[in-house]
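Student: just the structure for this:
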Amino acid sequence: MYAHPEEGRFDHTHGDEDYHPGEDPIDMYDVIYAIERGTSTTDGISHHEWITRICSGDEITTIMRYIVKHRHDYAFAEITNQIESAIEGWL
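Tutor: Model (predicted):
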């Protein structure tokens, strides 16, 4: 039985409601690299918008708690200094 490739799209049962024909899917690493470089992803969403999306949820709380918990680890030295500067700015 033949089924058109677009058949069943946007029916809220296949999990593909965000599919838009002709667009390349955004990969997690595209977002990470965009944030790192201060650019935007291939769909035109800026790094600032991605950061805003991350900060609007509870994920940022988990991330910050992890960073502060490991603040004495040398790998976290740069970000710990940035956090401390931000806290001092608020005090």
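
Student: if I look at the nearest residue to R37 once chain neighbours are set aside, how far off is F76?
Tutor: Among residues not flanking R37 along the chain, H47 sits closest, at 7.4 Å (CB to CB, 6 or more residues apart in numbering). In short, each C-beta sits where N, CA and C put it, glycine included. H47 sits 21 Å away from F76, taking CB to CB, to the nearest Å as the criterion.

Student: surely the residue nearest to R37 meets I32?
Tutor: No: between H47 and I32 there is no contact under CB atoms under 8 Å: 9.9 Å.

Student: can you give me the neighbour number for S46?
Tutor: By other CB atoms under 10 Å, the residues close to S46 number 14.

Student: and what of the one 3 residues further on?
Tutor: A count of nearby residues for E49, using other CB under 10 Å, gives 13.

Student: doesn't it fall inside a strand?
Tutor: No: counting by DSSP: H, G, I helix; E, B strand; the rest coil, E49 is not part of a strand but helix.

Student: so which elements touch the longest helix along the chain?
Tutor: For the chain, the longest helix by residue count, based on DSSP state H, is helix 77-90. For helix 77-90, the packing partners by 3 or more CB pairs under 8 Å, 6 or more residues apart in numbering; DSSP states H and E come out as helix 59-69.

Student: okay, now the domains of the protein?
Tutor: 24-56, 58-91 (automatic domain parsing).

Student: and the last one, how far apart are its ends?
Tutor: Translated: domain 58-91. Start-to-end span of domain 58-91 (CA to CA, to the nearest Å) is 24 Å.

Student: contact partners for the residue nearest to the spatial centre of the chain?
Tutor: The centroid of the chain falls nearest to W50 when counting by CA atoms, centre = their mean (5.0 Å). Residues near W50 by CB atoms under 8 Å, 6 or more residues apart in numbering: V31, A34, I35, T41.

Student: burial check on the first one, number of neighbours?
Tutor: The criterion is other CB under 10 Å. On that basis, V31 has 18 neighbouring residues.

Student: you'd agree it is up against T41?
Tutor: Yes: assessed by CB under 8 Å, V31 is found in contact with T41 at 5.8 Å.
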